[in-house]
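Q: Need coordinates for the below:
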Amino acid sequence: MLLTYYFKLIYAVCLLLVSCLFLSSESLAQSPRAVTEVISDYDGFWKSGNGAVGSIPVNPVKPSNSHNLLGFVYAGKRYSTGVDDNKLTSEGLTFEAGLYRSLPQFNITGAINSNTKVGIGQMYDGVSNGKSSASPDRNINKYLQDGINGLDLGTGVANLPKGYAEFMTTNILASAINDGVPDIIVTQIADPSGSTDTYELLDENGNRVGNLLAIAFTNITPVGKWVADFYEASVNPMTLTPGFTNTERDLRLWACDFGDLGITAEDVKRIRSFKINLSGNSDIAFVAYNANAFLNQSPILPMPVTLTSLKAQQEQDVIKVLWETASEENSSHFEVEVSQDGESFIKVGEVAAAGYSNVKQKYSFGYVPEASGDYYVRLKQVDTDGRFEYSKVVAASIYKRGLDLMVYPNPSEGGNVYLKHTVATGSEQIALWHTNGIKVKELKPEKGSITTSISTHKLAAGLYQVTWHSETEVVTTKLLVR
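A: Numbering: from 1, shown residues only. As a prediction, this is how the structure comes out:
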């Protein structure tokens, strides 16, 4: 009996030691960059918590609709986002006033796939525990930038495609480095799946400035939960699949100072962009920046060149690029870049700028492509101090032989485009394919017509292939939807 008693006692002590070691390892795994509390305007006012020692308990209320980030706690200090400081004050909270905004357009390199989901608060569509009568808009960027200052925690995208997203970042204030105030905030709103995203600052040649920062969201303690519907984003209209309706997900955030990226005051002039390398499991509501860490509270200074027009057109076997400026100050040159997929651009030429001008300037450049097909053209406007800005993208088609097939306007801004083709006999078919191989539209041209209208207003931004099928041939062209 005594032996049994000591055995049980030793066994209990061992369990206690193992438990303590486990808790210790969990504590050590928690990232020091974790945001430990968020405050939003859900139902007027909502404050989370992560249940850790010294923090408030987890709020049992789970947001189920759009709500904007009002403030957050990082490294033991509360900051406001500038969305509604008066609300924080009226609730008796102390904070350091801040101003945060979501980063602009996400240009994601990976293709949307069947794993990618648009997440919205389950009451966002007004339907409880079910699919809305009309599917939510299939616009990936919309859900990463919506809300006041783009800070809506109740919408986002789960499993963003593996690849990267890059943002122009040209005018960081040297005084913001290592001042202790968080300059970047990143959200994770579903299941991080143990993956790690990395973050870096780059110069104009794509070389890293400072350090690569790796963040595993499994090391970030959730501050709360929300209730969401997740719609399949690889099809249009999006579908709500079983198991993704009215489902609870964790809400995590992390933040960092620019100094955490290993840069110094001397590096500031070289930095041109902020890059996120996506693992394929990133679930983002938004990525925000501290506006007070930038000159003029914007990560991009306006270029001293006013570009008033840009077009590209075929002239025999040449793509002629034509552009005009209304004024220029301190401008160095224009680099002409060309792409065949609307994403990967290469420099094909350079034209000197006027430098200083307050009158209209006209420029042109001729590019001879190696083969027939569809091409996309943009300008890189470079200033004398090395700053640069990209123009909009325009399209041009070169056909040296075969069927004259052209789609315009291209790129499309989401309205109707028109496909110019040979005279239709009534037996042809026109199809529109996404780059992921999914057919999104099919139509039949009217007999005798030479132009067919195609609606793109419900299509997600991206590159599409337009295919013309006749009894004797299959011809394709490309369409970029923005």
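Q: can you list the domains in this protein?
A: Segmentation of the chain into domains, based on automatic domain parsing, reads 29-297, 305-397, 403-481.
Q: Deepest in the core, which of the ones you listed is it.
A: domain 29-297 (a mean of 19; mean count of other Cβ atoms under 10 Å). Any C-beta I mention is one placed from the backbone N, CA and C, and that applies to glycine too.
Q: Name the nearest residue to residue 270, ignoring sequence neighbours.
A: residue 203 (4.7 Å; Cβ to Cβ, 6 or more residues apart in numbering).
Q: Which residues are in contact with that neighbour?
A: 209, 270-272 (Cβ atoms under 8 Å, 6 or more residues apart in numbering).
Q: Cross-check the contact I'm expecting between residue 212 and residue 201.
A: No: the pair residue 212 / residue 201 is not scored as a contact, 9.7 Å apart, by Cβ atoms under 8 Å.
Q: mean pLDDT lowest for which of the domains of the chain?
A: Lowest mean pLDDT of the domains of the chain: domain 403-481, a mean of 84.
Q: Measure how far that one is from the centre of its chain, please.
A: 27 Å (Cα atoms, centre = their mean, to the nearest Å).
Q: For residue 358, see how far away the residue nearest to residue 270 is.
A: Between residue 203 and residue 358 the computed distance is 32 Å (Cβ to Cβ, to the nearest Å).
Q: And residue 220, by the same measure?
A: 52 Å.
Q: returning to that earlier point: just the contacts of residue 203: which are in helices?
A: Counting by DSSP state H, the contacts of residue 203 place none of their members in helices.
Q: now, which of these sits nearest residue 153?
A: Closest approach between the contacts of residue 203 and residue 153, by Cβ to Cβ: residue 271, at 28.4 Å.
Q: And the strands in the stretch 201-350 of the chain?
A: With DSSP state E, counting those that start in this stretch as the criterion, the stretch 201-350 of the chain has strands at 208-216, 224-232, 239-240, 247-256, 273-278, 287-290, 305-315, 318-329, 331-339, 346-352.
Q: Which among those strands is found nearest to residue 420?
A: strand 305-315 (12.7 Å).
Q: Show me what the closest one is packed up against.
A: Counting contacts by 3 or more Cβ pairs under 8 Å, 6 or more residues apart in numbering; DSSP states H and E, strand 305-315 packs against strand 318-329, strand 373-383, strand 394-398.
Q: Let me know which of the ones you listed is the nearest to residue 68.
A: Among these, the nearest to residue 68 by Cβ to Cβ is strand 373-383 (33.7 Å).
Q: I'd like the next helix or strand past the closest one.
A: strand 388-390 (DSSP states H and E).
Q: what lines up beside that next one in the sheet?
A: strand 373-383 (antiparallel) (DSSP bridges).
Q: rewinding a little: just send the helices and strands packed on strand 305-315 back as CSV, with distance to residue 77 too.
A: Listed next are the helices and strands packed on strand 305-315 as CSV, based on distance: least, Cβ to Cβ, whole Å:
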stretch, distance to residue 77
strand 318-329, 41
strand 373-383, 37
strand 394-398, 47
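Q: Go through these and name the closest to residue 70.
A: Across the helices and strands packed on strand 305-315, closest to residue 70 is strand 373-383 (Cβ to Cβ), at 37.4 Å.
Q: next one: the closest one to chain centre, how far?
A: Counting by Cα atoms, centre = their mean, strand 373-383 comes out at 21 Å from the chain centroid.
Q: Tell me what angle that strand forms with strand 346-352.
A: 50 degrees (axes from the mean of the first three to the mean of the last three Cα atoms, to 10 degrees).
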